[in-house]
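> give me a 3D structure for the following:
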Amino acid sequence: MRDPRLQKLAQNLVQYSVNIQPGENVLIDMIGGEKELTKCLIEEVAKRGGRPFVEYSDRSILRTMLIHASEEQLRLWAELDLERMKNMQAYIGVRSGDNANDLSDVPDDKMKLYDRIYRNPVHMEQRVKKTKWVVLRYPNPSMAQLAKMSTEAFEDFYFDVCNLDYSRMEKAMDPLQALMNRTDRVRIVSPGTDLRFSIKDIGSKKCCGHRNIPDGEVFSAPVRDSVNGTIAYNSPSEYSGTSFQNVTLTFENGRIVKAESNDSARLNEILDSDEGARYVGEFAIGFNPYILHPMNDILFDEKIAGSLHFTPGQAYEETDNGNRSSIHWDLVLIQRPEYGGGEIYFDDVLIRKDGLFVLSELEGLNPDRLK
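You can find the predicted model right below:
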């Protein structure tokens, strides 16, 4: 018997997240995803009059492909998939798999080629900018282990998070978006962190279930050369198959001049991918009430209640500060008391302390108001 939570998730994705209209082509991209969810998505797209197309793959197969792929092969692969993506009006990507570190031993030069030749043109330029899209994980024992939960408890958590009433959250975001749109100076203070930058005239974007599931953030970007100070992230982060902890970045006039972590050499290799990798393309505030602790999965971690992320690399088109890079690395700082606390100031006014919004117009984004 089909889990009714799956059907609800598929309905939310098709009807709310990407809002499929009659005649639209939809690429359902399943990487190790649940087959029953795939069937639900196909059915829901068809009910709306859309045309579903399915890609079904596996992260371990991607690893083998990348290890053995030539540059010429990557270019042809990108050309073929880019042409397909150009024919899609919507994209639903579901990510799963038994091992989050399957790509960790792919040679660095191959990962850089893949990012530059395939991922950037197919996904960052075409899919992100020119389709309606949503991406999400699907629960499995590996994710439950990362979250330090039983498989059954993690599934319950997952459906609570993913089937949240995002339309209600969307309305509660309006005051924060308006405030960010009129803010110039931002200051972030936490243990090991004192960071200042401007977001003047950059604008902001609400994330309320139309791009990521789970969701719950409003993002902007710093004026490219305005960032000064140090930020000490307290959430682990996975990038290109490597797990990083205790990442600390120091900025001078926008540029990362010092970078340290449990693997500082690898960290600096990534930040040396291109000139834009040492500048920041996104600043975001997270507030999903059901996500409280990091599980080394950025789709969840960047939405943690009482968190923010400050992202080296490519800027989004909606909040473009001009930074261009082959990377976009969301690194998370949690400011709730059990993680050391912290404050966010906009134009010298305290807006959030120890993970809770203190301005009356923003209190609708606190956990007790969103659940």
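
> who are the contact partners of the spatially closest residue to Gly276 that is not a sequence neighbour?
Nearest non-adjacent residue to Gly276, counting by CB to CB, 6 or more residues apart in numbering: Ser325, 3.2 Å away. To be clear about C-beta, it is placed using only N, CA and C from the backbone, and glycine gets the same treatment. Applying CB atoms under 8 Å, 6 or more residues apart in numbering, we find Ser325 in contact with 273-277, 279, 281, 312-314.

> model confidence score at Ser325, please.
Ser325 is assigned a predicted lDDT (pLDDT) of 95.

> and it, what helix or strand is that in?
Under DSSP states H and E, no helix or strand contains Ser325.

> going forward, begin numbering at 29 instead of 1
With 29 as the first residue, the last one maps to Ser353.

> what are the phi and psi angles of it?
phi -160, psi 160 (degrees, to the nearest 10).

> where does pLDDT dip in the stretch 29-178 of the chain?
Residues of the stretch 29-178 of the chain that meet the criterion pLDDT under 70 lie in 61, 126-128.

> now do the strands in it.
In the stretch 29-178 of the chain, strands defined by DSSP state E, counting those that start in this stretch lie at 53-59, 79-85, 118-123, 160-165, listed in chain order.

> can I get the third one as CSV, trimmed to CA atoms?
Provided in CSV are the C-alpha atoms of strand 118-123 (Å, rounded to 0.1, in the frame of the first residue of the first chain):
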residue,chain,number,x,y,z
ALA,A,118,10.2,22.5,-15.2
TYR,A,119,12.7,20.2,-13.3
ILE,A,120,12.1,18.1,-10.2
GLY,A,121,15.4,16.6,-8.9
VAL,A,122,15.3,13.9,-6.1
ARG,A,123,18.7,12.9,-4.6
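
> show me what that strand is packed against.
If you count contacts as 3 or more CB pairs under 8 Å, 6 or more residues apart in numbering; DSSP states H and E, strand 118-123 packs onto strand 53-59, helix 63-75, strand 160-165.

> try it again with 6 Å
Using 3 or more CB pairs under 6 Å, 6 or more residues apart in numbering; DSSP states H and E as the contact definition, the elements that strand 118-123 packs against are strand 53-59, strand 160-165.

> now do the last one
On a contact count with 3+ CB pairs under 6 Å, 6+ apart, strand 160-165 meets strand 118-123.

> quick one: contacts of the strand it packs on?
Outside strand 118-123, the residues that touch it by CB atoms under 6 Å, 6 or more residues apart in numbering are 41, 46, 52, 54-59, 61, 155, 159-166.

> dump the helices and strands packed on strand 118-123 into CSV; add distance to Asn209 and mean neighbour count as well.
Converted to CSV, the helices and strands packed on strand 118-123 look like this (distance: least, CB to CB, whole Å; neighbours: other CB atoms under 10 Å):
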stretch, distance to Asn209, mean neighbour count
strand 53-59, 32, 21
strand 160-165, 23, 22
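
> could the ones you listed go into JSON lines alongside distance to Ser88?
As requested, the helices and strands packed on strand 118-123 are exported to JSON lines (distance: least, CB to CB, whole Å):
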{"stretch": "strand 53-59", "distance to Ser88": "10"}
{"stretch": "strand 160-165", "distance to Ser88": "16"}
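
> out of those strands, which comes closest to Lys331?
strand 160-165 (11.6 Å; CB to CB).

> now that closest one, how far from the centre of its chain.
Centre-to-centre, strand 160-165 and its host chain are 10 Å apart (CA atoms, centre = their mean, to the nearest Å).

> quick check: angle from it to strand 53-59?
Computed by axes from the mean of the first three to the mean of the last three CA atoms, to 10 degrees, the angle separating strand 160-165 from strand 53-59 equals 20 degrees.

> for strand 160-165, which strands pair with it and how are they oriented?
Under the criterion DSSP bridges, strand 160-165 sits next to strand 118-123 (parallel), strand 240-241 (parallel) in its sheet.

> any chance of CSV for those strands, columns distance to Ser195?
Shown next, in CSV, are the strands paired with strand 160-165 (distance: least, CB to CB, whole Å):
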stretch, distance to Ser195
strand 118-123, 18
strand 240-241, 13
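
> select, out of these, the one closest to Ile379.
Across these, Ile379 has its closest neighbour in strand 240-241 (23.1 Å, CB to CB).

> what's the closest one in contact with?
Against strand 240-241 from outside (CB under 6 Å, 6+ apart): 162, 164, 190, 327.

> same thing but at 8 Å, please
Here strand 240-241 has contacts from 37, 40-41, 45, 162-164, 190, 327, 331, using CB under 8 Å, 6+ apart.

> who touches Ile355 in this structure?
By CB under 8 Å, 6+ apart, the contact set of Ile355 is 143, 267, 298, 301-302, 305, 340-342.

> against Leu207, how distant is the most centrally placed residue in the chain?
Centroid-nearest residue in the chain: Leu327, 4.7 Å away (criterion: CA atoms, centre = their mean). From Leu327 over to Leu207 the distance is 26 Å, taken as CB to CB, to the nearest Å.

> next: Asn349.
19 Å.

> which one's more surrounded, those two?
Asn349 (23 against 18; other CB atoms under 10 Å).
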